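# sequence? don't have it. structure:
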């Protein structure tokens, strides 16, 4: 999540609108640093690992919100999918979201935002596993909303982020040819 193009859009927007905000970018594939600005810090943490999250959040007292922008694709036709093709996406999207909520439920967050996909509602050829994991993410948000938590799951369409989004060039070109 913290390395992706959508995360960059989010944190740049937050930095421009909230002059006192401090942002912590978390990813299992991130180079740790404090040098983006004095308000942004990058931390390596695997959000699918409960112990790593527990350790991370035990050192953060002033957390006000979470944007879970993790994404992974394992596109294949349904008959070609293996258990790991499902599990890897479920882990990154839904399992990680569950852990994030469980580890921060007493921190009185002002918001939690999950980045889901319109694929969870509409489907897409070769993305059964991605649709399922995003549907699980949406369901998790609804269930925690019922408990009073400020959680939202937004279903994003294909994003053209100069090669840093979840949509391939072929998909983006196809959608553009269809008028989208």
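Alright, I've got the coordinates. In this text, all values refer to a predicted model and were calculated from it rather than measured experimentally.
# now residue 75, what's its secondary structure?
coil (DSSP: H, G, I helix; E, B strand; the rest coil).
# To what extent is it buried, counted in neighbours?
Other residues near residue 75 number 16, with proximity taken as other CB atoms under 10 Å. For glycine as for every other residue, the C-beta is placed from the backbone atoms N, C-alpha and C.
# Give me the buried positions along the longest helix anywhere in the chain.
Ranked by number of residues, the top helix in the chain under DSSP state H is helix 128-146. Neighbour-count burial for helix 128-146 flags 128-138, 140-141, 144 (criterion: 16 or more other CB atoms under 10 Å).
# show me where pLDDT drops low in this structure?
The chain contains residues with pLDDT under 70 at 1, 32-37, 159-169, 171-172, 174-175, 180.
# mind listing what the residue nearest the centre of it touches?
The residue lying closest to the centre of the chain (CA atoms, centre = their mean) is residue 69, at 2.0 Å. Shown in contact with residue 69 (CB atoms under 8 Å, 6 or more residues apart in numbering): 1, 2, 4, 6, 7, 10, 115.
# again, but for residue 109
With CB under 8 Å, 6+ apart, residue 109 has these contacts: 63, 64, 65, 66, 149, 150.
# can we see that at 10 Å?
Contacts for residue 109 (CB atoms under 10 Å, 6 or more residues apart in numbering) come out as 63, 64, 65, 66, 100, 101, 149, 150, 151.
# Mind checking which of those are buried?
Buried among the contacts of residue 109 (16+ other CB under 10 Å): 66, 100, 101, 151.
# Distance check, the residue nearest to the centre of the chain against residue 153.
12 Å (CB to CB, to the nearest Å).
# list the residues that contact both of the two?
Counting by CB under 10 Å, 6+ apart, the residues touching both residue 69 and residue 153 are 113, 114, 115.
# out of those, who's nearest residue 47?
residue 114 (12.0 Å; CB to CB).
# Contacts only, for the closest one.
Contacts of residue 114 by CB under 10 Å, 6+ apart are 66-70, 93-94, 96-97, 100-101, 134, 137-138, 140-141, 144, 151-155.
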